[in-house]
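J.: Pasting a predicted model and its sequence here:
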Amino acid sequence: MKRKKNIQQILSIRIFRGFHETVFDKGNSSISCCYRGIFIKNIDFLKQIYEAYHYDTFNVFHWKNIRFTIAEPNKNFVKTQYIIHNPKKFNAFIFGSSRVGLLPKDALPKSMNDSELKWYNMTYSVGTPNDHLMTLQTFLKANVKIKAVLIGFDEIAMWRSAEVQKIDLVRAPFQLYKNKFEFYLPYLQLKTDESIKKQIEEYVEENHIAKKEVFYEYGWDGGKTADYSLTENPDMERYNIGGGAYSQKDSYKDLEAIVNLCMENNIKTILFTNPLYQNLYKTSVNGGYFDFLRKVAQNCEFYNFSSLNNYTKNPAYYFDWSHYRQPLALLIEKIIFGTEEEKAQIRKDAGDELWGIKVNAENIDFVIQKLQEQFEI
């Protein structure tokens, strides 16, 4: 905050000097014109900063009072700031990309070791394990008492780099910058789109109260209750996009670091892979997904929902090629937290006896062999 005030003071001094010379140095018209130009440029610069702050396309300056527009907020930053400024409000967290974003509260455990669990969903689009590691470190530093974390991951972790994440204003983790001022600077330099200006100028707070309540109560930006409907008459054009290749060869180490950090701090850690739609899954496997999972399994145990079965081949369980719907999200929770009878029935319906199985260093080769056999059927 002090750095922000300093920069404002510097700009004010520059503007004043330009104005002073313009008014008082009448003996040198060329100098007067020069300073007049500087004055005008500084006014434009301040206007740019004001507009970037006021309209705040990605909500980094309005994390306490998020505004919903056509632009996706930097939920990574907004949610992290909200939690560290309310360290006692929640003690259990869901991490992952937007694919994990619709995990409902319905089948999450309400207690653990006689302690009440208060869940908050930290997910956002293209969230990575490296982001989640930094967020957990930030929480612990802010004395957030964490009882449990539930982390969904998939092929995004094997191709999304920290370098790309840093310059993506929709998702940039502030921890990758030297300080908050350096983090804020790109947002202050951002030229606001006219459509965003119009939305903010016409924004009616009362129309977004329910959505905002859900966002700060659980981390959703959807409805207060889960929607367990399936996609009717899916447009198959929305399901044909594939995944990336395994380029971030050390990304599995972020998951290992999360597990170790949680062990050191007595935090229950549950990892699971997302149930990728068949097209995305197949191209991801061709891109090295099994190699990635094999590395993860060496030092981490996780529930595997990435496979080919009656659910992952049915577009009705998905919004598009990337995101699964809440009926499938509920099944994930029931496999992880439900009874043995529930698990058996879900696997029977999936036509996949290994769906949601716990995977570790001891059985990873067997599991991958079975997953490869699914391609031959």
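T.: Received it, and whenever you're ready, just let me know what you need. Numbers count the residues shown, from 1 in each chain.

J.: Which element, helix or strand, includes residue 138?
T.: For residue 138, the element it lies in under DSSP states H and E is helix 129-141.

J.: That helix packs against which elements?
T.: Using 3 or more Cβ pairs under 8 Å, 6 or more residues apart in numbering; DSSP states H and E as the contact test, the elements touching helix 129-141 are helix 75-84, strand 92-95, strand 148-153, helix 162-167, helix 252-264. For glycine as for every other residue, the C-beta is placed from the backbone atoms N, C-alpha and C.

J.: got JSON lines for the ones you listed, with mean pLDDT too?
T.: Formatted as JSON lines, the helices and strands packed on helix 129-141 follow (pLDDT from 0 to 100):
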{"stretch": "helix 75-84", "mean pLDDT": "98"}
{"stretch": "strand 92-95", "mean pLDDT": "98"}
{"stretch": "strand 148-153", "mean pLDDT": "98"}
{"stretch": "helix 162-167", "mean pLDDT": "96"}
{"stretch": "helix 252-264", "mean pLDDT": "98"}
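
J.: Let me know which of the ones you listed is the nearest to residue 279.
T.: With Cβ to Cβ as the criterion, residue 279 lies closest to strand 148-153 of the helices and strands packed on helix 129-141, at 19.1 Å.

J.: Provide the strand pairings for that closest one, with the direction of each partner.
T.: Within its sheet, strand 148-153 is paired with strand 92-95 (parallel), strand 268-273 (parallel), according to DSSP bridges.

J.: wait, which of those strands is closest to residue 171?
T.: Residue 171 sits nearest to strand 92-95 of all the strands paired with strand 148-153, at 13.3 Å, using Cβ to Cβ.

J.: which residues sit against the closest one?
T.: 83, 100, 103, 108, 112, 117-123, 127, 132, 135, 139, 146-152, 219 (Cβ atoms under 8 Å, 6 or more residues apart in numbering).

J.: Buried ones from the residues you listed, can you make that a ChimeraX selection?
T.: The ChimeraX command for the buried members of those (criterion: 16 or more other Cβ atoms under 10 Å) is given here:
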select :83,100,103,108,117,119,120,121,122,123,127,132,135,139,146,147,148,149,150,151,152,219
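
J.: hmm, back to that, how about the helix holding residue 138: buried residues?
T.: 129-136, 138-140.

J.: Can you tell me which of those residues is nearest residue 266?
T.: Of these, the one sitting nearest to residue 266 (Cβ to Cβ) turns out to be residue 140, at 11.3 Å.

J.: and residue 322, how many neighbours does it have?
T.: 21 (other Cβ atoms under 10 Å).

J.: That one - that's part of a strand, no?
T.: No - assessed with DSSP: H, G, I helix; E, B strand; the rest coil, residue 322 is coil; it does not lie in a strand.

J.: for the residue nearest to the spatial centre of the chain, what are its contacts?
T.: For the chain, the residue nearest the mean C-alpha position is residue 124 (2.4 Å; Cα atoms, centre = their mean). Taking Cβ under 8 Å, 6+ apart, we find residue 124 in contact with 74-76, 79, 97-98, 101, 171.

J.: Any of those buried? List them.
T.: 74-76, 79, 97-98, 101, 171.

J.: ok, the closest residue to residue 110 other than its chain neighbours to residue 64 distance?
T.: By the measure of Cβ to Cβ, 6 or more residues apart in numbering, the closest residue to residue 110 outside its immediate chain neighbours is residue 117, 5.9 Å from it. Distance, residue 117 to residue 64, by Cβ to Cβ, to the nearest Å: 25 Å.

J.: what's the answer for residue 231, then?
T.: Counting by Cβ to Cβ - residue 231 and residue 64 are separated by 35 Å.

J.: Who has more neighbours out of the two?
T.: residue 231 (17 against 11).

J.: Hmm, residue 323 and that one touching each other?
T.: No - using Cβ atoms under 8 Å, residue 231 is not in contact with residue 323, being 10.5 Å away.

J.: Report the buried residues of stretch 193-210.
T.: Buried-residue list, stretch 193-210, by 16+ other Cβ under 10 Å: 196, 199-200.

J.: mind listing what residue 297 touches?
T.: Counted by Cβ under 8 Å, 6+ apart, residue 297 has contacts 359-361, 364.

J.: And these, which is closest to residue 274?
T.: Proximity of those to residue 274 (Cβ to Cβ) peaks at residue 359, which lies at 13.8 Å.

J.: which residues touch the closest one?
T.: 293, 297, 301-304, 367.

J.: Buried deepest among the helices and strands packed on helix 129-141, which one?
T.: strand 148-153 (a mean of 25; mean count of other Cβ atoms under 10 Å).

J.: Give me the contacts around that strand.
T.: 91-97, 99-100, 103, 108-109, 112, 117, 123, 129, 132, 136, 255, 258, 262, 267-274, 302, 332, 336.

J.: what kind of secondary structure is residue 327 in?
T.: Going by three-state DSSP: residue 327 is helix.

J.: Please, which helix or strand holds the residue lying closest to it once chain neighbours are set aside?
T.: Leaving out its chain neighbours, the residue that sits closest to residue 327 by Cβ to Cβ, 6+ apart is residue 228, at 5.0 Å. When elements are assigned from DSSP H and E, residue 228 belongs to no helix and no strand.
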